[in-house]
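Enquirer: just coords:
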């Protein structure tokens, strides 16, 4: 019998001073059995950083043709492709060809060698940006994971603060490749 995804629900209150975007979102995340809390919470952070009514969660763990998150325009064309982790060059080239904008949120240890390998990629993919998230911050985010979450996310000047009823985590959004979101 195949393992089933675990459902997590998050109530997000987002205050994005960069985009002047202030909204509440109810997000349902299906965590694949091979996905850990850290990756799931980075997906949730990426949702908050790009939140709007058309942004949808993809199934990038089980389906390599889908991103972690995406936004399509009214014609169905991909406007935004968001991946988390360290996607390979082939996947990023494909994403850059399919979407107007591609954003990667790299997390975990080992970003250095992966990032060095990606440095040549932007010459062929001007629509790509990579933000590196501090490992300590993403580990702390994983500690906030729960089947039911209420989170406040504040975004301002290259930083995000994620708060629950007990903790606040400050996350520096270090732009490694490309332009700011």
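Expert: Structure's in. What do you need? Keep in mind that what you see is a predicted model, and the values were worked out from it rather than measured.

Enquirer: Residue 64 reaches residue 91, doesn't it?
Expert: Yes - counting by CB atoms under 8 Å, residue 64 does reach residue 91; the two are 7.1 Å apart. Using the backbone N, CA and C atoms, a C-beta is placed for each residue, glycine as well.

Enquirer: Among those two, which residue is more densely surrounded?
Expert: Each of residue 64 and residue 91 has its neighbours counted (other CB atoms under 10 Å); residue 91 has more, 17 against 12.

Enquirer: Residue ranges in the protein under the pLDDT threshold?
Expert: Applying pLDDT under 70 to the chain flags residues 1-2, 60-63, 122-124, 179-181.

Enquirer: which residues are contacting stretch 54-67?
Expert: With contacts defined as CB atoms under 8 Å, 6 or more residues apart in numbering, stretch 54-67 is touched by 27, 29-30, 32, 34-35, 43, 47, 68-73, 80-84, 91, 95, 99.

Enquirer: how about 7 Å then?
Expert: Contact partners of stretch 54-67, identified using CB atoms under 7 Å, 6 or more residues apart in numbering, comprise 29, 32, 34-35, 43, 47, 68-72, 81-83, 95.

Enquirer: residue contacts, residue 102?
Expert: Contacts for residue 102 (CB under 7 Å, 6+ apart) come out as 81, 92, 95, 96, 127, 128.

Enquirer: let's see it at 6 Å
Expert: Going by CB atoms under 6 Å, 6 or more residues apart in numbering, residue 102 touches 81, 95, 96, 127, 128.

Enquirer: Would you write a ChimeraX line that selects the buried entries of the residues you listed?
Expert: In ChimeraX, this line selects whichever of the contacts of residue 102 come out buried by 16 or more other CB atoms under 10 Å:
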select :81,95,96,127,128
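
Enquirer: from the contacts of residue 102, which is closest to residue 15?
Expert: Set against residue 15, the nearest of the contacts of residue 102 by CB to CB is residue 81 (25.1 Å).

Enquirer: that's a helix at residue 53, yeah?
Expert: No - looking at residue 53 with DSSP: H, G, I helix; E, B strand; the rest coil, it is coil, so not inside a helix.

Enquirer: What about it, how many residues nearby?
Expert: Residue 53: 8 neighbours (other CB under 10 Å).

Enquirer: what sits against it?
Expert: Taking CB under 6 Å, 6+ apart as the test, residue 53 contacts no residue whatsoever.

Enquirer: Kindly indicate whether the residue most central in space within the chain is helix, strand or coil.
Expert: In the chain, the residue lying closest to the centroid (CA atoms, centre = their mean) is residue 46, at 2.9 Å. At residue 46 the chain is in helix, as set by three-state DSSP.
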